[in-house]
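Student: output the structure for:
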Amino acid sequence: MDYKRMKIDECREQVFNIRRKVFIEEQNCPENMEWDENEEKDSLYFVAFKGDVAVGCLRLRDVEPDLLKMERVAVLKEYRRRRIATELIREAMMYTQTELPNSSIYAYAQVSALQAYVSLGFTVLSKVWIEDGTFIPHQTIFWGTPLSIGAFLKHQDDKVDTTYEEYDARHPSVLPKIEAYNQRLEVDQF
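Tutor: This is a model prediction of the structure:
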């Protein structure tokens, strides 16, 4: 399996094919929620290829200085259970650590995939909630430095429907988890 970092102009057709099959056809997500050119144009994609065929993708998007949002993690059905999504996530984390060392990543993870994120060091920051229009349970997750959790919380506060109270990020147990993960990361370097 080859993993490539690409801009949308380099992989639009392949990525949309994966996302259409996974999110629109399999998970019945509304098509109008799946593609937003304003979000696509500045996003960075991590794409898994088997030969010339794109089989998985992940989108990483700047939302604030030092804060990235990981989205649209998808693997074609016939290629699942091969740790492709895990490797895509790991690639995004390594990119962030090396190219944007002061940045953190957050995502709205589907509960069915939550353990994969947790095993890579993400911290769960929210209770289960249902994404509008999808009926799919999600939880908010975070990976990064303790200092950058403030940027994440500020970004969330800027949304009308989100408050600090929805997140456990201010709970004393969260920051030590992030610190411990970062210490492991310095030793392991993936």
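Student: okay, now the residue lying closest to Glu40 once chain neighbours are set aside: neighbour count?
Tutor: Distances taken as CB to CB, 6 or more residues apart in numbering place Ile8 nearest to Glu40, at 4.6 Å, with adjacent residues excluded. (Glycine included, C-beta is placed from N, CA and C.) Residues near Ile8, counting by other CB atoms under 10 Å, number 17.
Student: show the pLDDT at Ile8.
Tutor: In the prediction, the pLDDT value recorded for Ile8 is 92.
Student: same deal with the one 3 residues further on?
Tutor: At Cys11 the predicted local confidence, pLDDT, stands at 93.
Student: give the helix, strand or coil label for it.
Tutor: helix (DSSP: H, G, I helix; E, B strand; the rest coil).
Student: pull the contacting residues for Gln139.
Tutor: Residues near Gln139 by CB atoms under 8 Å, 6 or more residues apart in numbering: Tyr108, Ala109, Val111, Leu114, Val124, Leu125, Ser126, Lys127, Val128, Trp129.
Student: how deep is the fourth one tucked in, by neighbour count?
Tutor: Spelled out, it's Leu114. Residues near Leu114, counting by other CB under 10 Å, number 17.
Student: center of the chain - which residue?
Tutor: With distances taken as CA atoms, centre = their mean, Met70 lies nearest the centre of the chain, 2.6 Å away.
Student: in the chain, which spans are strands?
Tutor: 2-7, 44-50, 53-64, 67-75, 104-110, 123-124, 129-130, 137-143 (DSSP state E).
Student: I'd like the ones you listed laid out as JSON lines, including distance to Pro30.
Tutor: Formatted as JSON lines, the strands of the chain follow (distance: least, CB to CB, whole Å):
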{"stretch": "strand 2-7", "distance to Pro30": "26"}
{"stretch": "strand 44-50", "distance to Pro30": "22"}
{"stretch": "strand 53-64", "distance to Pro30": "18"}
{"stretch": "strand 67-75", "distance to Pro30": "14"}
{"stretch": "strand 104-110", "distance to Pro30": "16"}
{"stretch": "strand 123-124", "distance to Pro30": "26"}
{"stretch": "strand 129-130", "distance to Pro30": "14"}
{"stretch": "strand 137-143", "distance to Pro30": "15"}
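Student: need the least confident one among the ones you listed, by mean pLDDT.
Tutor: Looking at these, the weakest mean confidence is strand 129-130, a mean of 79.
Student: ok, that strand: who's next to it in the sheet?
Tutor: The strands that strand 129-130 pairs with in its sheet are strand 137-143 (antiparallel) (by DSSP bridges).
Student: give the contact list for the residue nearest to Tyr45 when sequence neighbours are not counted.
Tutor: Spatial nearest neighbour of Tyr45, excluding adjacent residues (CB to CB, 6+ apart): Met6 at 4.9 Å. Going by CB under 8 Å, 6+ apart, Met6 touches Leu44, Tyr45, Phe46, Val47.
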